[in-house]
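1. Next input, structure requested:
(one chain, ligands or ions: 1)
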Amino acid sequence: MSLAGQCYYRTCRTRPGRGVARATVATLRRLGMFRAFKLPLDALALPHSAARSLMTLWSRIHWMGGDGMMPPEQMLALYRLAASWPGDGDIVELGAWTGLTTCYLAAAAKARGSGHVYAVDTFAGTMEGSQNYAAVARYGGSTWATFRKRVRTAGLADRITALVGDTAEQASAYPGRPIRLLFIDADHSYGGVRRDYHAWLPHVAPGGLIAFHDYAMPEAGVRRFVDELVERQESCEATPGRVHENIFAVARRLSDVSLPPHDAETREEAHEAILC
Ligand SMILES: C[S@@+](CC[C@H](N)C(=O)[O-])C[C@H]1O[C@@H](n2cnc3c(N)ncnc32)[C@H](O)[C@@H]1O
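-> Numbering: from 1, shown residues only. Predicted coordinates:
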């Protein structure tokens, strides 16, 4: 990380510093500069606590995509969603890979001052539909060491718990609170997304969000599943919808209380939430 980058992130972490940075960026943009250089500048539009948490993350692990799978502007859209969607509860990410998106989600939870992130993955390059996840060979067959290193470097180890195993199978052993945001980015086949959605839906708090990545990926089954879900409108509604070309988010209906039968406390809370 360059010295200039460190200074920029430090400056933006303070309220007055962010004000100066915003005014400078607005002027430069009016002059036609910085149009293509989007991400660190667009983050200035976030509320102060969300911007500060993001700047801290970036100063530790840098803002570039690195070996994460999501382009920076999509990560910013996901971060914005995680930082701003109302309610209390935890965040679950299905498909963590090397932990870059996981760190963004945890930084958003930190900005809100509540919420833990559970990252579910085999970390071993699982099959996707009928295709093997070949990229994992670059990590010697497991992304676990890179994931752990990144989480520690980001200073977010106390906010992140990894659940190692198959995404759908891990749902039955979920140890967290009702979910405020479920981010689905694991097996992108139609059957894989459907399986993950139905396995985890009972843990999502009424009013909680379910966000699907790779909605725009033509060869994936994500779009077909989400479009069917939105058409049926049974357990969720299409709000906030397409938050980025490639990310579609739905909210679990307040009236949908098909919670796990073992979790009486959660069920009671859900009923209370509906009555409020
Ligand atoms: C697209 S990557 C996730 C990328 C990550 N969210 C990011 O943006 O950096 C998909 C991940 O899901 C995992 N995965 C796919 N199917 C899975 C399954 N059935 N159970 C557990 N993990 C799975 C793969 O191991 C891989 O790490």
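2. what does the stretch 1-150 of the chain have sitting close to the ligand?
-> The stretch 1-150 of the chain comes close to the ligand at residues 68-70, 95-97, 100-101, 121-122, 125-126, 128, 133, as judged by Cβ under 6 Å from any ligand atom. For the C-beta atoms, the positions are set from N, CA and C on the backbone; glycine is no exception.
3. what's near enough to touch the residue in the stretch 51-200 of the chain positioned nearest to the ligand?
-> Ranking the residues of the stretch 51-200 of the chain by distance to the ligand (Cβ to the nearest ligand atom) places Gly95 first, at 3.0 Å. The contact partners of Gly95, by Cβ atoms under 8 Å, 6 or more residues apart in numbering, come to Val120, Asp121, Thr167, Ile184, Asp185, Ala186, Asp187, His213.
4. If we use 6 Å, what do you get?
-> Asp185, Ala186 (Cβ atoms under 6 Å, 6 or more residues apart in numbering).
5. Would you list the phi and psi of it?
-> phi 100, psi 90 (degrees, to the nearest 10).
6. Give me the secondary structure label for Arg242.
-> Under DSSP: H, G, I helix; E, B strand; the rest coil, the three-state class of Arg242 is strand.
7. Any figure for the gap between it and the ligand?
-> The gap separating Arg242 from the ligand is 18 Å, by Cβ to the nearest ligand atom, to the nearest Å.
8. Same check on Phe225?
-> 15 Å.
9. ok so, going back, highest neighbour count among the residues of the stretch 1-150 of the chain next to the ligand?
-> Within those, Ala96 tops the neighbour count with 32 neighbours, counted by other Cβ atoms under 10 Å.
10. Tell me the predicted confidence for it.
-> For Ala96, the model assigns a pLDDT of 96.
11. what's near enough to touch the spatially closest residue to it that is not a sequence neighbour?
-> Once flanking residues are discounted, Ala96 sits nearest to Ala119: 3.7 Å by Cβ to Cβ, 6 or more residues apart in numbering. Ala119 sits next to Glu93, Ala96, Thr102, Ala162 when contact means Cβ under 6 Å, 6+ apart.
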